[in-house]
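please find the sequence and the predicted model below.
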Amino acid sequence: MHLTILAASGATGLALTRQALERGHTVTAIARTPARIVVPDSPQLTRVAADVHDIDTIAEALRGSESVLSGLGWVRGEKQSGVLSAGARAVVAARPDRIIWLGAYGTGPSAQAAGLPIRFALKGLGTELADKVASDGIVLEAGGTVFHAGPLSKNRLSPARRTVGLDEAPKRFFPARVSRDTVAAAMLDEVENPRYPGRIALPLER
């Protein structure tokens with residue numbers, strides 16, 4: 001399968017790129033600075049320079065994409081109002097067969113399931129929270145899958161990992177941590193074998 005990975009130089013994007021290649025996929029990895037896509041060179045890998053802040057470059061990079069997975073997120077300290085929703089609109093406009101998007105547990109549709117402490121904490125995100133919710137909505141309306149992950153860790157891929165729909169969210173006072181590798185694996189599972197099109201999915205480690 002030919003996969004396009006957006007924000008491939010970020011922590012989650014790198015995990016997606018590395019695991020996609022390990023699974024035998026052909027990967028177009030998009031980043032503002034392709035040299036930061038620090039995975040081994042491969043005949044199956046093409047690095048492409050594009051910036052979500054520049055819609056024309058993103059539109060060109062996404063042209064003809066069959067399946068798009070996004071690890072796009074806000075970068076602290078950068079001026080980036082609306083960057084997630086702009087990226088979501090660019091991906092949807094490319095009309096890929098499948099869109100797998102990374103969101104955050106406790107935002108938008110998963111806010112109620114996350115509980116009051118998380119909802120209160122996330123209010124401090126301000127415009128970032130609104131951008132996350134807007135981008136999720138754009139992807140869901142287009143039939144894509146949005147993964148709402150809890151706090152991310154650097155742990156290895158969990159052997160006990162599983163993915164559930166939002167209606168099966170575990171009842172916890174605080175969401176459990178989940179490794180970026182586990183999130184990436186769940187996103188790749190979904191693009192290979194879609195189970196949650198147009199829905200929120202939760203990657204879990206137990």
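It's in.

can you point me to the longest helix in this structure?
helix 127-141 (DSSP state H).

where along the chain do the helices fall?
Using DSSP H, helices in the chain cover 11-22, 55-62, 83-93, 111-114, 116-122, 127-141, 180-192.

make a markdown table out of those helices and add mean pLDDT, mean neighbour count and distance to Ala169.
C-beta here means a position set from N, CA and C on the backbone, and glycine is covered the same way. Shown next, in a markdown table, are those (pLDDT from 0 to 100; neighbours: other CB atoms under 10 Å; distance: least, CB to CB, whole Å):
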| stretch | mean pLDDT | mean neighbour count | distance to Ala169 |
| --- | --- | --- | --- |
| helix 11-22 | 97 | 22 | 20 |
| helix 55-62 | 90 | 18 | 31 |
| helix 83-93 | 92 | 22 | 22 |
| helix 111-114 | 68 | 18 | 4 |
| helix 116-122 | 55 | 14 | 12 |
| helix 127-141 | 88 | 19 | 15 |
| helix 180-192 | 97 | 23 | 14 |
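
and the ones you listed as a markdown table, adding distance to Leu3?
Formatted as a markdown table, the helices of the chain follow (distance: least, CB to CB, whole Å):
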| stretch | distance to Leu3 |
| --- | --- |
| helix 11-22 | 5 |
| helix 55-62 | 12 |
| helix 83-93 | 13 |
| helix 111-114 | 29 |
| helix 116-122 | 30 |
| helix 127-141 | 16 |
| helix 180-192 | 7 |
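
which one, of those helices, ends up nearest to Lys154?
With CB to CB as the criterion, Lys154 lies closest to helix 180-192 of the helices of the chain, at 6.9 Å.
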